[in-house]
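J.: any chance you could fold what I've pasted below:
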Amino acid sequence: MDIIQSAASRYSTKAFDPSKKISEENVQKVKDLLRLSPSSTNSQPWHFIVASSDEAKARIAKATSGFYVFNERKVLDASHVVVFCAKTAIDETHLSKLLSQENSDGRFASHQAMEGQHKGRSYFVNMHRFDLKDAQHWMEKQVYLNVGNFLLGVSTLGIDAVPIEGFDARILDEEFGLREKGFTSLVIVPVGYRSAEDFNAGLPKSRLEFSEILTEC
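T.: Next comes the predicted model:
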């Protein structure tokens with residue numbers, strides 16, 4: 001299956017088969033997708049929770065109580081559940097960590113190149129921190145880049161998924177102590193394999209026509 005076939009066949013899974021589990025080999029690929037996602041200036045302002053046990057999924061499902069109970073079974077029945085979290089602040093400690101990792105990974109031909117990378121990234125980070133004052137929103141946009149990359153990526157592995165914003169972030173943040181660690185939850189993505197009872201699996205994909213969404217120059 002090529003990437004266009006994957007994009008055409010993937011959909012938001014409404015019911016998972018709890019008896020079907022993702023192989024260990026593919027679990028590692030799922031985690032690799034999270035790590036390899038692009039982000040603006042390689043800022044990587046994120047953290048992930050990957051839950052596989054029933055106990056861990058039940059902890060996440062606490063955030064789908066009350067009004068959001070319609071999402072509870074998706075969390076409990078999936079093979080694995082990924083929580084996408086964003087940093088609540090981006091500071092010099094994080095910028096230094098990024099630069100050190102890039103240097104260790106051999107991205108710089110010279111010290112001057114390393115300094116240029118740090119200066120360029122700091123410019124954009126500080127623009128959002130101090131001038132536009134939208135650093136939180138900017139970091140969340142990077143996490144959503146990761147979510148999109150992830151949804152398409154797992155589909156190429158034949159894994160079903162659904163992005164969930166319908167949950168109580170306060171409950172989830174408290175359950176895992178995220179805010180104390182400098183993060184907040186944004187999106188829950190259960191992954192696994194669809195149930196035969198999933199009504200959405202057989203529905204045709206619906207997208208606007210190219211004439212509505214595309215300008216070719």
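
J.: give the other helices and strands that the helix or strand hosting E212 contacts.
T.: Using DSSP states H and E, E212 sits within helix 210-213. In terms of contacts (3 or more Cβ pairs under 8 Å, 6 or more residues apart in numbering; DSSP states H and E), helix 210-213 is packed against no helix or strand at all. From N, CA and C alone the C-beta is placed, and that goes for glycine too.

J.: using PDB, list the CA coordinates for it.
T.: Taking C-alpha atoms only, helix 210-213 is exported to PDB below (Å, rounded to 0.1, in the frame of the first residue of the first chain):
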ATOM      1  CA  PHE A 210     -10.100  20.100  -5.600                       C
ATOM      2  CA  SER A 211     -12.000  23.000  -7.200                       C
ATOM      3  CA  GLU A 212     -12.900  24.200  -3.700                       C
ATOM      4  CA  ILE A 213      -9.600  23.700  -2.000                       C
END
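
J.: now do the buried residues in that helix.
T.: Buried positions in helix 210-213, judged by neighbour count with 16 or more other Cβ atoms under 10 Å: none.

J.: next: stretch 99-108.
T.: Going by neighbour count (16+ other Cβ under 10 Å), the buried part of stretch 99-108 is 99, 102, 108.

J.: flag the shaky bits of the chain, pLDDT-wise.
T.: Along the chain, the parts satisfying pLDDT under 70 run over 1.

J.: counting by contacts, list what whichever helix in it runs longest packs against.
T.: Longest helix in the chain, counting residues (DSSP state H): helix 135-156. Judged by 3+ Cβ pairs under 8 Å, 6+ apart, the packing partners of helix 135-156 are helix 3-9, helix 24-36, strand 46-51, strand 80-87, strand 160-161, strand 183-192.

J.: buried residues of that helix, list them for me.
T.: For helix 135-156, burial by neighbour count (16+ other Cβ under 10 Å) applies to 135-136, 138-140, 142-143, 146-147, 149-151, 153-156.

J.: what are the C-alpha coordinates of that helix, in PDB please?
T.: Only the C-alpha atoms of helix 135-156 are listed here, as PDB (Å, rounded to 0.1, in the frame of the first residue of the first chain):
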ATOM      1  CA  ALA A 135       4.300  30.700  22.700                       C
ATOM      2  CA  GLN A 136       1.800  28.200  24.100                       C
ATOM      3  CA  HIS A 137      -0.300  28.300  21.000                       C
ATOM      4  CA  TRP A 138       2.800  28.000  18.800                       C
ATOM      5  CA  MET A 139       4.000  24.900  20.700                       C
ATOM      6  CA  GLU A 140       0.600  23.300  20.500                       C
ATOM      7  CA  LYS A 141       0.700  23.800  16.700                       C
ATOM      8  CA  GLN A 142       4.000  21.800  16.600                       C
ATOM      9  CA  VAL A 143       2.300  19.000  18.600                       C
ATOM     10  CA  TYR A 144      -0.600  19.000  16.000                       C
ATOM     11  CA  LEU A 145       2.000  18.600  13.300                       C
ATOM     12  CA  ASN A 146       3.100  15.500  15.100                       C
ATOM     13  CA  VAL A 147      -0.500  14.200  15.400                       C
ATOM     14  CA  GLY A 148      -1.100  14.500  11.600                       C
ATOM     15  CA  ASN A 149       2.200  12.800  10.900                       C
ATOM     16  CA  PHE A 150       1.300  10.100  13.300                       C
ATOM     17  CA  LEU A 151      -2.100   9.400  12.000                       C
ATOM     18  CA  LEU A 152      -0.900   8.900   8.400                       C
ATOM     19  CA  GLY A 153       2.200   7.000   9.600                       C
ATOM     20  CA  VAL A 154       0.300   4.400  11.600                       C
ATOM     21  CA  SER A 155      -2.100   3.900   8.700                       C
ATOM     22  CA  THR A 156       0.800   2.800   6.500                       C
END
